[in-house]
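# coordinates for the following, if possible.
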Amino acid sequence: MMNNMAAASTLSVGQTTTREFLLLVQDSATTRRKRVLKLLLVMFVPVVVLVLQCALTMSASTTRKANTHATELAITSSVQVGEVVTRLQRERGMTSLFLGSKNNSEAWSNLVKLRTASDQGIGAVVLWPGTASDPVEMQSPTVLQSALRSHRIERFVSPTSISEVFWYTKFIGSILGLINRDIRLSGDTKGELWRNLFALELFFNAKENLGIQRALGSAIFTKGYGTPIEHNTFNDCSFKSQTFLQLCFSHSQRSRAVYSNATADKQAVVDLLDSMRQVLLKKPKGEPSVSTALAWFGNMTTFIDLISGIEVDLVKTIRSHLDFQIQRATTDFTQSLAFLVLVAAGCPPLCIWYFRSVSQINGTIAKSAHVLASQTKTLAMEKRRGERLLHRMLPPFIADSLKRGDHVLPEFFEAVTVFFSDIVGFTKIAARSTPLQTVTLLNSLWSKFDGELDAHDVYKVETIGDAYMVVSGLPRRNGINHGREIAALSLDLLDIVKEFEIFHLPGEFLKIRIGLHTGPVLAGVVGRKMPRYCLFGNTIRLAEWIEQTGLPLMIHVSEACKLLLDMVEGFDLSARDLQERLCHLNSQFQLKYFFSHLNIQSPLSGRNMVGFSFYRRSQTSPATKR
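The predicted model follows:
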């Protein structure tokens with residue numbers, strides 16, 4: 001069906017084009033040239049679009065490549081400045097230890113070495129992330145080094161360890177702010193590259209908090225005690241360092257593996273640090289010990305150096321992503337440029353060929369236009385015929401949904417009335433008939449039945465052999481009218497059967513049994529190759545059973561259906577009497593029914609009919625009647 005629709009659309013376009021060419025042949029030379037120019041314009045528009053698309057792709061590739069280079073420079077700058085931060089963190093820790101130890105000579109010797117290393121690190125920076133809008137001391141490495149040396153001279157007269165820790169922390173924090181700003185401005189805000197960049201920023205923050213712990217711990221051990229602000233700051237940094245590390249691991253699983261491998265080889269150092277950290281967290285008051293402070297400083301430095309492998313691995317991973325992006329941007333640019341050159345070189349010959357081809361096929365298309373229009377009309381007729389056939393097989397709205405490729409969900413209907421009928425003695429009739437006669441008989445009867453359906457609000461579900469199934473109340477709900485529609489249809493079908501003579505068995509007339517039941521059903525489309533609109537539920541089984549237990553030329557009605565017909569009025573029904581029977585259906589329903597003849601005044605036909613009975617539920621429980 002979808003192929004027919006596509007073909008019809010194609011033929012419609014072809015028909016329009018043919019008319020244009022017919023006018024082209026018949027018009028004057030000037031008009032013909034104008035139409036040829038229009039056809040050439042139709043060709044040039046896609047070419048121009050392709051050229052623009054290639055240009056845009058090249059521009060985007062160039063921009064992406066430039067941004068990637070900028071990100072790579074930012075990462076290189078972050079690595080260089082990160083080394084400066086590491087040396088300043090060591091200098092901060094040793095300064096705190098020296099001040100707390102009351103000018104210990106060994107601590108002073110180590111501090112001088114660390115200061116020299118910090119100066120060398122600042123001097124080695126080539127790419128500095130500072131700008132003119134940053135504070136003066138952060139605008140260049142030279143100004144930074146001058147500010148650092150001035151502080152060493154001016155503030156070293158009578159400082160305290162905690163004041164020096166705070167100054168260095170603020171100083172290093174400003175440098176980390178430059179690094180973090182470059183990292184955040186690099187790359188997209190999603191994807192693997194962004195996660196690694198963010199993990200690198202988190203690691204820098206974790207490393208800074210570990211450095212503050214190293215400095216404060218050294219000061220506390222050298223004095224033998226710590227002030228409340230020192231202990232509070234130490235506890236805060238201990239929590240922050242662990243938090244930043246865990247966040248780093250959550251954004252980069254490789255970092256967790258690097259951390260585990262690094263600490264596994266130095267587990268003794270990690271255990272010793274944990275024990276010393278627990279001592280610091282308990283706010284000790286003991287004897288000053290420079291050796292313990294130096295041990296804490298050395299072990300913390302070893303631990304920080306161990307986990308610095310995370311930074312190295314992240315930078316390596318980030319650069320790998322950047323190299324891939326540069327390579328992809330270069331490839332896109334090259335391909336777009338090659339395609340642009342190909343279009344520019346192939347366009348003139350193609351235009352000439354196109355112009356000549358149009359001139360040559362004008363005559364042929366003009367002759368074929370009438371044939372094409374006729375075929376288009378035929379195809380449209382076949383399409384409409386196919387749609388009508390499909391709407392007979394499925395409800396129209398479901399058929400349209402399937403044509404669109406939509407998934408049709410099952411639908412629950414709270415109350416519908418189901419009609420079941422079959423031919424009495426059909427097996428014997430079939431045994432006395434040839435297969436062709438049997439098929440002709442059923443086709444003739446079902447055709448007459450189908451002709452009555454349009455006069456009622458019903459939907460034909462299916463015919464299986466001699467069984468005929470109709471339902472009202474779906475797929476379009478009609479309130480409580482479904483019982484009346486089915487009942488009126490049943491009377492009309494009985495009229496047809498009573499006058500239907502078996503054509504190859506003269507003098508014999510067909511008899512049918514009819515069963516009606518009202519209840520809930522679930523309706524849905526089943527199958528793909530030959531989809532069918534099927535009904536499911538106990539209502540279907542009960543209606544079929546009611547029909548099977550009925551009598552010829554009688555309409556057997558359930559109690560639920562009778563109650564519905566009583567509501568719409570116009571139908572007189574009587575109970576089936578004389579013989580009381582029990583039936584157990586699928587171990588779920590115990591039913592008893594009664595039957596008698598009666599006269600019915602149909603509100604739809606105005607005729608007196610005989611044959612309705614109703615079917616009611618037993619008042620006795622199944623357990624009692626077993």
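# ok so S357 is a helix residue?
Yes: counting by DSSP: H, G, I helix; E, B strand; the rest coil, S357 is found in a helix.
# now for it, how many residues are close by?
The local packing count at S357 equals 10, with neighbours defined by other Cβ atoms under 10 Å. Quick note: C-beta positions are derived from backbone N, CA and C, even for glycine.
# same thing with H407?
Residue neighbour count, defined by other Cβ under 10 Å, stands at 7 for H407.
# and if you look at N299?
Using other Cβ under 10 Å, the number of residues around N299 comes to 19.
# okay, and it sits in which element?
N299 belongs to helix 290-393 when elements are defined using DSSP states H and E.
# who are the packing partners of that helix?
Under the contact definition 3 or more Cβ pairs under 8 Å, 6 or more residues apart in numbering; DSSP states H and E, helix 290-393 sits against helix 2-26, helix 29-100, helix 105-123, helix 191-223, helix 253-265, helix 267-281, helix 396-403.
# ranking the ones you listed by burial, who's on top?
Among those, ranked by average contacts under mean count of other Cβ atoms under 10 Å, first place goes to helix 191-223 (a mean of 24).
# that older thread, got the helices and strands packed on helix 290-393 as a markdown table, with distance to G473 and mean pLDDT columns?
As requested, those are arranged in a markdown table below (distance: least, Cβ to Cβ, whole Å; pLDDT from 0 to 100):
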| stretch | distance to G473 | mean pLDDT |
| --- | --- | --- |
| helix 2-26 | 31 | 44 |
| helix 29-100 | 55 | 77 |
| helix 105-123 | 86 | 86 |
| helix 191-223 | 55 | 84 |
| helix 253-265 | 59 | 85 |
| helix 267-281 | 76 | 83 |
| helix 396-403 | 16 | 74 |
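# dump those helices to a markdown table, plus distance to E452.
Formatted as a markdown table, the entries for the helices and strands packed on helix 290-393 read as follows, by distance: least, Cβ to Cβ, whole Å:
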| stretch | distance to E452 |
| --- | --- |
| helix 2-26 | 31 |
| helix 29-100 | 56 |
| helix 105-123 | 99 |
| helix 191-223 | 67 |
| helix 253-265 | 72 |
| helix 267-281 | 90 |
| helix 396-403 | 20 |
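# wait, which of those is closest to L551?
Closest approach to L551 among those is made by helix 396-403 (36.3 Å; Cβ to Cβ).
# after that closest one, which helix or strand is next?
Using DSSP H and E, the first helix or strand after helix 396-403 is strand 411-423.
# T463 belongs to a helix, doesn't it?
No: secondary structure of T463, determined by three-state DSSP: strand, with no helix assignment.
# and it, how close does it get to P396?
T463 sits 20 Å away from P396, going by Cβ to Cβ, to the nearest Å.
# got it, and V42?
With distances taken as Cβ to Cβ, V42 is found 39 Å from P396.
# before we move on, what about I502?
Look at I502 and P396: by Cβ to Cβ, they are 35 Å apart.
# give the helix, strand or coil label for L505.
Look at L505: counting by three-state DSSP, its state is coil.
# now it: closest residue in space, sequence neighbours ignored.
Once its chain neighbours are removed from consideration, L505 has its nearest residue in R432; the separation is 6.8 Å (Cβ to Cβ, 6 or more residues apart in numbering).
# ok, how many other residues are close to that neighbour?
Other residues close to R432 by other Cβ under 10 Å number 12.
# just the pLDDT for it.
As summarised for this prediction, R432 has a pLDDT of 89.
# isn't I307 up against S260?
No: contact status for I307 versus S260: not in contact, 10.5 Å apart, counting by Cβ atoms under 8 Å.
# closest one to K240 among the helices and strands packed on helix 290-393?
Set against K240 and scored by Cβ to Cβ, these come closest in helix 191-223, at 4.5 Å.
# tell me what the closest one is packed against?
Contact partners of helix 191-223 among helices and strands, from 3+ Cβ pairs under 8 Å, 6+ apart: helix 29-100, helix 161-184, helix 228-251, helix 267-281, helix 290-393.
# between it and helix 161-184, how many degrees?
For helix 191-223 against helix 161-184, the angle between stretch directions is 170 degrees (axes from the mean of the first three to the mean of the last three Cα atoms, to 10 degrees).
# report the angle between the axes of helix 191-223 and helix 29-100?
10 degrees.
# for E137, grab phi and psi.
Main-chain dihedrals, E137, degrees, to the nearest 10: phi -70, psi -10.
# circling back to that earlier point, phi, psi of the residue nearest to L505?
phi -90, psi 10.
# then H556?
Comment: the main-chain dihedrals of H556 come out as phi -90, psi 120, following degrees, to the nearest 10.
# can you tell me the SS state at the closest residue to it other than its chain neighbours?
Excluding the flanking residues, the one nearest H556 by Cβ to Cβ, 6+ apart is G550, at 3.3 Å. Each residue gets one of three states, and G550 gets coil by three-state DSSP.
# return the residues in contact with G550.
Shown in contact with G550 (Cβ atoms under 8 Å, 6 or more residues apart in numbering): 513-515, 556, 613.
# mind pulling up the pLDDT for it?
With respect to pLDDT, G550 has a value of 85.
# just V418 next, same as before
The model's pLDDT for V418 equals 94.
# could you find the closest non-adjacent residue to it?
Here the nearest residue to V418 in space, its sequence neighbours aside, is A543; by Cβ to Cβ, 6+ apart that works out to 3.9 Å.
# in the strand or helix carrying the one you found, which residues are buried?
Element membership of A543, judged by DSSP H and E, is helix 538-548. Within helix 538-548, the residues that qualify as buried are 538-547, counting by 16 or more other Cβ atoms under 10 Å.
# that one to strand 411-423, inter-axis angle?
10 degrees.
# show me what helix 538-548 is packed against.
Packed against helix 538-548 by the contact rule (3+ Cβ pairs under 8 Å, 6+ apart) you find strand 411-423, strand 512-526, strand 555-558, strand 583-585, strand 589-593.
# got a markdown table for the helices and strands packed on helix 191-223, with distance to G570 too?
Supplementary listing: these in a markdown table, determined by distance: least, Cβ to Cβ, whole Å:
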| stretch | distance to G570 |
| --- | --- |
| helix 29-100 | 68 |
| helix 161-184 | 80 |
| helix 228-251 | 74 |
| helix 267-281 | 92 |
| helix 290-393 | 31 |
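# out of the ones you listed, which gets nearest to E569?
The closest approach between E569 and any of the helices and strands packed on helix 191-223, judged by Cβ to Cβ, belongs to helix 290-393 at 33.3 Å.
# any idea of the mean pLDDT in that closest one?
Per-residue pLDDT values across helix 290-393 average out to 78.
# just how off-centre is that helix within its chain?
Between the mean C-alpha location of helix 290-393 and the chain-wide mean there is a distance of 21 Å, by Cα atoms, centre = their mean, to the nearest Å.
# next one: the residue nearest to H556 relative to I122, how far apart?
The gap separating G550 from I122 is 103 Å, by Cβ to Cβ.
# do E508 as well
Distance, E508 to I122, using Cβ to Cβ: 115 Å.
# was I right to think V84 contacts D119?
No: the pair V84 and D119 fails to qualify as a contact (Cβ under 8 Å) at a distance of 9.9 Å.
# how about the buried residues of helix 538-548 in JSON lines, adding distance to V51 and pLDDT?
Written out in JSON lines, the entries for these read as follows (distance: Cβ to Cβ, whole Å; pLDDT from 0 to 100):
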{"residue": "N538", "distance to V51": "68", "pLDDT": "89"}
{"residue": "T539", "distance to V51": "66", "pLDDT": "89"}
{"residue": "I540", "distance to V51": "65", "pLDDT": "89"}
{"residue": "R541", "distance to V51": "69", "pLDDT": "89"}
{"residue": "L542", "distance to V51": "71", "pLDDT": "89"}
{"residue": "A543", "distance to V51": "69", "pLDDT": "89"}
{"residue": "E544", "distance to V51": "70", "pLDDT": "89"}
{"residue": "W545", "distance to V51": "74", "pLDDT": "89"}
{"residue": "I546", "distance to V51": "75", "pLDDT": "88"}
{"residue": "E547", "distance to V51": "73", "pLDDT": "88"}
